[in-house]
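1. sequence plus the predicted model coming up.
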Amino acid sequence: MFKRFSMMALLAMSGVATADDLQCLDVETPPAPVCVSTPYGLAYADTEEEARRAAAALGDAAQKYALHFARSPSGTLVLSTDLDPLVARDQARAHGLDYAQVWLPIRAKRAMTERAMRQAKVGRTAISRALAGVAEQEAVTLRHELGHAMYAAMYWPDAAESSLQARYGTPAPDWLDEAVAILMEPPEAQARHLESFIAAAKQRPRTIPGLDDFLRAEHPVRSAALATALSRGPKSGSGVQMMVADPGAFPALDSFYGQSLLVALFLAETSGDPRILVPISAAIAGGDTFDQWLASNGEAHRLPGDLPALQALWDGWLKSQVLRRGRGGKP
């Protein structure tokens, strides 16, 4: 279903030009034993296989990011269970890199997954099935988390840690921050988000917020119930948390990711600009709200100048381009 969106045609651009590989950090204590250098950043891990997996994620995410934002920041991706992300960030900055993203090696992710599922009293068959899919899911997760990191590095490079804690990812509205990260995922993963949204829109239409409310909403992960559930699950020394929940236990999560992606696609398709997130992000980084950007710049980008008018366009687009197609019909 996702491939039907005309947005895919908008992004059918030529490949991103690459520079020479960066140099691994010349430090006494590197972030991890193995380093793989790429034109897009440095990949660190305990093994050559893991470092190359991280390097592939760096290259893929950076090229996708450049499609949407014209360029991509260079940083380091470290697969580690115990490296402090703040230490990694300071080390990256000291060597001219724009960001550092710390995540888990596959082995550690499997161990945490099994621990969380056993803690939730999940059956052995389900645990085995989940563990078998960890590597595939991590390929998606790495690209997603790199999207968050590159976005923060491009628009809020000097944001204090205290200001970042006020939002889910960056100081941007949570839908925008999440949309950028999801755009780094493979099409198959994006399609799953869209399918979850469509299912929620059909089965629980009253739970889908209008555009005005959605654009101001906090990420569902920041809800008290979800935060409590996360606090009960395992946590790595590098700060990665995990939990197990029944399907539908947190319904807002089922629709938030898909709606975030759809709003980004809607804005790009309606404006005719596949890089519409660039002027929006620049304005928000400069202190404007989305409403203010729309009032000042919407017309120049073939968009309405206020949210009520944008809502009307969104309602029509959603019905014809998403919900009807999700049922197998024709727009």
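-> Thanks, I have the structure now. Numbering: from 1, shown residues only.
2. contact partners for Leu83?
-> Listed by Cβ atoms under 8 Å, 6 or more residues apart in numbering, the contact set of Leu83 reads Pro31, Ala32, Val102, Gly237, Ser238. (C-beta placed from N, C-alpha, C; glycine too.)
3. among those residues, which ones are in strands?
-> Val102 (DSSP state E).
4. please report which of the contacts of Leu83 has the highest neighbour count.
-> Of all these, the highest neighbour tally under other Cβ atoms under 10 Å goes to Val102, namely 28 neighbours.
5. on that earlier part again, quick check, nearest of the contacts of Leu83 to Val278?
-> Ranked by distance to Val278 (Cβ to Cβ), those are led by Val102 at 27.3 Å.
6. export stretch 33-48 as CSV, just CAs?
-> Only the C-alpha atoms of stretch 33-48 are listed here, as CSV (Å, rounded to 0.1, in the frame of the first residue of the first chain):
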residue,chain,number,x,y,z
PRO,A,33,37.3,-2.1,20.0
VAL,A,34,36.4,-2.2,16.3
CYS,A,35,36.0,0.9,14.0
VAL,A,36,34.7,1.0,10.4
SER,A,37,35.0,4.3,8.7
THR,A,38,32.6,5.5,6.0
PRO,A,39,32.0,8.8,4.2
TYR,A,40,29.0,9.3,6.4
GLY,A,41,30.5,8.6,9.8
LEU,A,42,32.3,6.2,12.1
ALA,A,43,30.8,2.8,13.2
TYR,A,44,32.1,1.3,16.4
ALA,A,45,31.3,-2.1,17.9
ASP,A,46,32.9,-5.0,19.7
THR,A,47,33.2,-7.2,16.6
GLU,A,48,33.9,-6.6,12.9
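7. count of neighbours near Glu49?
-> Close neighbours of Glu49, defined as other Cβ under 10 Å, add up to 12.
8. low-scoring stretches of the stretch 51-200 of the chain, by residue?
-> The stretch 51-200 of the chain contains residues with pLDDT under 70 at 160-169.
9. ok, which stretches of it are strands?
-> Here the stretch 51-200 of the chain has its strands, by DSSP state E, counting those that start in this stretch, at 75-79, 99-103.
10. go on, the stretch 201-331 of the chain?
-> With DSSP E, counting those that start in this stretch as the criterion, the stretch 201-331 of the chain has no strands.
11. for the residue nearest the centre of the chain, give its distance to Thr113.
-> When Cα atoms, centre = their mean is applied to the chain, the residue found nearest the centroid is Ala181 (2.1 Å). Ala181 is 21 Å from Thr113, where distance means Cβ to Cβ, to the nearest Å.
12. can you check Val122 too?
-> For Val122, the distance to Thr113 - Cβ to Cβ - is 10 Å.
13. overlap in contacts of the two?
-> In contact with both Val122 and Thr113: Ala130, using Cβ under 8 Å, 6+ apart.
14. circling back: just name the most buried of the strands of the stretch 51-200 of the chain.
-> strand 75-79 (a mean of 28; mean count of other Cβ atoms under 10 Å).
15. so that strand versus strand 99-103, what angle?
-> Inter-element angle recorded for strand 75-79 and strand 99-103: 10 degrees (by axes from the mean of the first three to the mean of the last three Cα atoms, to 10 degrees).
16. re the thing from before, residue contacts, the residue nearest to the centre of the chain?
-> Contacts of Ala181 (Cβ under 8 Å, 6+ apart): His144, Glu145, Gly147, His148, Tyr151, Gly169.
17. 10 Å - rerun?
-> Going by Cβ atoms under 10 Å, 6 or more residues apart in numbering, Ala181 touches 61, 65, 141, 143-151, 169-170, 257, 260-261.
18. what's the answer for Asp254, then?
-> Asp254 neighbours (Cβ under 10 Å, 6+ apart): His193, Glu195, Ser196, Phe197, Ala199, Ala200, Gln203, Arg204, Thr207, Pro220, Pro247, Gly248.
19. if I look at the fifth one, how far off is Asp254?
-> The reference is to Ala199. 7 Å.
20. also the second one?
-> Going from Glu195 to Asp254 by Cβ to Cβ gives 10 Å.
21. burial measure for the residue lying closest to Ala54 once chain neighbours are set aside, as a count.
-> Leaving out its chain neighbours, the residue that sits closest to Ala54 by Cβ to Cβ, 6 or more residues apart in numbering is Ala43, at 3.6 Å. Residues near Ala43, counting by other Cβ under 10 Å, number 28.
22. so what strands line up beside the helix or strand hosting Ala43?
-> Using DSSP states H and E, Ala43 falls within strand 41-45. Strand 41-45 pairs in its sheet with strand 34-38 (antiparallel), strand 75-79 (parallel), by DSSP bridges.
23. turn those strands into JSON lines, columns for distance to Ala94.
-> Output for the strands paired with strand 41-45, formatted as JSON lines (distance: least, Cβ to Cβ, whole Å):
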{"stretch": "strand 34-38", "distance to Ala94": "16"}
{"stretch": "strand 75-79", "distance to Ala94": "11"}
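24. does Ala70 really touch Arg275, like I thought?
-> Yes: the criterion here is Cβ atoms under 10 Å, and Ala70 meets it with Arg275 at 6.5 Å.
25. neighbour count winner among the two?
-> More crowded of Ala70 and Arg275, by other Cβ under 10 Å: Arg275, with 17 against 10.
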